[in-house]
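1. Fold the following.
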Amino acid sequence: MTRERVAERLGSTFESLPDESARGLPVYRGKVRDVVLGGKNLLLVASDRISAFDRVLSSVPCKGEVLARIASFWFEATADIAPNHVLAGPGSGLSGTGRATLARRAEMLPLEVVVRGYLSGSAWRDYQSGRAVSGIALPGGLSFNEKFPVPIITPSSKEAAGHDRPLSRAELLAEGLVSEETWREVERVSLALFRRGQEVAARGGLILADTKYEFGLVDGRLTLCDEIHTPDSSRYWWAESYPSRYQTHEPQRELDKEPFRRWLVERGFAGDGEPPRIPEEVRLETSWRYLQAFEAITGENFEPIGVDPQSESAAIARIVEERLL
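-> Take a look at the predicted model:
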């Protein structure tokens with residue numbers, strides 16, 4: 001897909017699933033996804049909304065389809081490591097839309113699991129301030145974006161209100177968020193998923209620096225849920241330029257939405273107050289970055305399945321009628 005074709009879609013992004021497409025079923029609307037709640041199953045619809053600092057700020061062409069299809073790629077690529085909640089996804093049983101995923105309902109664990117292969121992001125900020133990283137005391141003398149000898153796991157709570165809390169292993173067990181047996185399985189599966197993610201990303205010339213996983217229980221079995229290894233839940237760098245930029249302490253060439261966040265910060269917005277207007281050129285560049293991520297990760301050229309928001313909404317309504325009602 002060319003930049004010109006992406007630009008043509010700036011005025012017709014999929015911003016929200018219409019209520020009528022849910023056919024009377026309840027809909028949970030998150031920052032970037034709308035979830036139609038069936039009895040035993042869910043339909044996850046990835047919108048084109050883009051958020052930063054817990055605020056929805058604009059929409060980006062093709063973003064929802066890119067994320068849903070990347071997640072579908074990774075669910076298939078890791079199915080031998082852990083069961084996941086997917087029943088049907090983009091291009092595999094759901095026609096007319098590339099942004100919908102039919103999934104099993106799960107009893108979600110009340111935490112997020114971040115696996116870090118490099119000292120970056122909030123972990124670097126904690127390290128610079130002399131704080132432990134989710135209870136892990138890192139050795140002195142580490143550098144920005146330095147690779148860890150072994151990836152580390154830094155969980156956080158999922159709070160109903162306010163920001164999530166970083167937790168140590170001891171804290172999450174003491175608070176009874178999960179049993180020790182379940183947490184050991186979460187650790188084992190998370191590290192195995194991350195290893196697979198790094199291996200596959202490397203084939204596309206990428207480094208998977210860190211990522212977030214969410215798990216639930218389906219029929220008592222630990223199950224991977226939500227999304228996996230997308231540019232919204234992960235930090236991707238171009239591998240070729242990593243060594244030189246690491247040596248000079250420069251920011252890495254990123255393939256995620258971090259540049260969008262930096263653009264906001266440079267204009268004085270970090271979540272509070274009135275956000276700046278997002279110009280079309282920033283929306284276009286952000287969309288193009290998502291498409292590059294899709295192609296580098298999957299090895300496929302991106303061609304959208306969804307034609308326009310109206311036809312996709314109609315297709316999703318049919319899926320709800322056939323698969324959820």
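
2. Downstream of the helix or strand of the chain with the lowest mean pLDDT, the next helix or strand is which one?
-> None of the helices or strands of the chain scores lower by mean pLDDT, DSSP states H and E than strand 93-94, at a mean of 84. Counting by DSSP states H and E, the next helix or strand C-terminal to strand 93-94 is strand 100-104.

3. Pairing partners for whichever helix or strand comes after that next one, with directions?
-> Next helix or strand after strand 100-104 toward the C-terminus (DSSP H and E): strand 107-108. Strands adjacent to strand 107-108 in the sheet, as given by DSSP bridges, are strand 206-218 (antiparallel).

4. Helices of this structure, residue ranges please.
-> Here the chain has its helices, by DSSP state H, at 3-8, 63-77, 121-128, 169-174, 180-203, 242-247, 258-266, 280-298, 309-323.

5. now those helices as TSV including distance to Leu42 and mean pLDDT?
-> For the C-beta atoms, the positions are set from N, CA and C on the backbone; glycine is no exception. Below are the helices of the chain laid out as TSV (distance: least, CB to CB, whole Å; pLDDT from 0 to 100):
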stretch	distance to Leu42	mean pLDDT
helix 3-8	29	96
helix 63-77	13	97
helix 121-128	29	93
helix 169-174	26	96
helix 180-203	21	98
helix 242-247	38	97
helix 258-266	28	92
helix 280-298	24	96
helix 309-323	10	96
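
6. With respect to burial, which of the ones you listed scores highest?
-> Mean neighbour counts were taken over those using mean count of other CB atoms under 10 Å, and the top value, a mean of 24, falls to helix 63-77.

7. before we move on, the earlier item: for the helices of the chain, which one sits closest to Glu15?
-> With CB to CB as the criterion, Glu15 lies closest to helix 309-323 of the helices of the chain, at 7.5 Å.

8. list the helices and strands the closest one packs on?
-> strand 41-46, strand 100-104 (3 or more CB pairs under 8 Å, 6 or more residues apart in numbering; DSSP states H and E).

9. With distance to Tyr213 added, can I get those strands in JSON lines?
-> Output for the helices and strands packed on helix 309-323, formatted as JSON lines (distance: least, CB to CB, whole Å):
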{"stretch": "strand 41-46", "distance to Tyr213": "16"}
{"stretch": "strand 100-104", "distance to Tyr213": "15"}
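
10. Give me the below-cutoff pLDDT ranges for the stretch 101-250 of the chain.
-> Scanning the stretch 101-250 of the chain for pLDDT under 70 picks out 160-163.

11. again, only using 80
-> 159-164 (pLDDT under 80).

12. hang on, the earlier thing: Gly130: which of the helices and strands packed on helix 309-323 is closest?
-> Of the helices and strands packed on helix 309-323, nearest to Gly130 by CB to CB is strand 41-46, at 39.0 Å.

13. mean confidence score for that closest one?
-> In this model, strand 41-46 has an average pLDDT of 98.

14. between that strand and helix 309-323, how big is the angle?
-> 170 degrees (axes from the mean of the first three to the mean of the last three CA atoms, to 10 degrees).

15. Right, I'll leave it there.
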